[in-house]
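Enquirer: Here you go, sequence then predicted model.
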Amino acid sequence: MTESEFLDLSDSVFAKIEAALDNSGLDVDTLLSGNVLEIEFADHSKIIVNRHAANQELWIAARSGGYHYRLAEGVWQSTREAGEFFADLSQAISAHAREDFHF
């Protein structure tokens, strides 16, 4: 995939995250700045979702740790473990918000 294709695809991921959070009713604020999407919770904790164009990866930084994902067969799979991006991000959001959240 070209860098331009990756950027378009990751823009779609960021839009999906923001839309899901807007529709969830959770008390969160999002800020998209360049390659970084910050999700801030009522307790001022944050989850950072970052796109790394050089590696064509999406990264999550949360209380539970840091995670890297690469697109494989249409799914953002963890590069280190057996995780999937949206499932892992759902768990992180649920933990930070102290409420159930799913995409």
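Expert: Received, thanks.

Enquirer: Next SSE downstream of the helix of greatest length in the chain?
Expert: Counting by DSSP state H, the longest helix found in the chain is helix 3-24. Moving toward the C-terminus from helix 3-24, the next helix or strand (DSSP states H and E) is strand 28-33.

Enquirer: picking that back up, got the angle for the longest helix of the chain vs strand 28-33?
Expert: Put simply, helix 3-24 runs at 160 degrees to strand 28-33, going by axes from the mean of the first three to the mean of the last three C-alpha atoms, to 10 degrees.

Enquirer: Give me the residues contacting helix 3-24.
Expert: Residues outside helix 3-24 that contact it (C-beta atoms under 8 Å, 6 or more residues apart in numbering) are 1, 28, 30, 32, 37, 39, 49, 51, 53, 56, 58, 71, 76, 85, 89, 93, 101, 103. Glycine gets a C-beta too; all of them are placed from N, C-alpha and C.

Enquirer: Quick one: low-confidence residue ranges for the chain.
Expert: Within the chain, no stretch has pLDDT under 70.

Enquirer: Checking my notes, Asp88 in a helix, right?
Expert: Yes. The assignment for Asp88 is a helix, going by DSSP: H, G, I helix; E, B strand; the rest coil.

Enquirer: Could you list everything the nearest residue to it once chain neighbours are set aside pairs with in the sheet?
Expert: In this structure, Asp88 finds its nearest non-sequential neighbour in Tyr67, 5.9 Å apart by C-beta to C-beta, 6 or more residues apart in numbering. On the basis of DSSP bridges, Tyr67 is bridged to Ile60.

Enquirer: Neighbours of Tyr67, how many?
Expert: For Tyr67, the count of nearby residues is 21 (other C-beta atoms under 10 Å).
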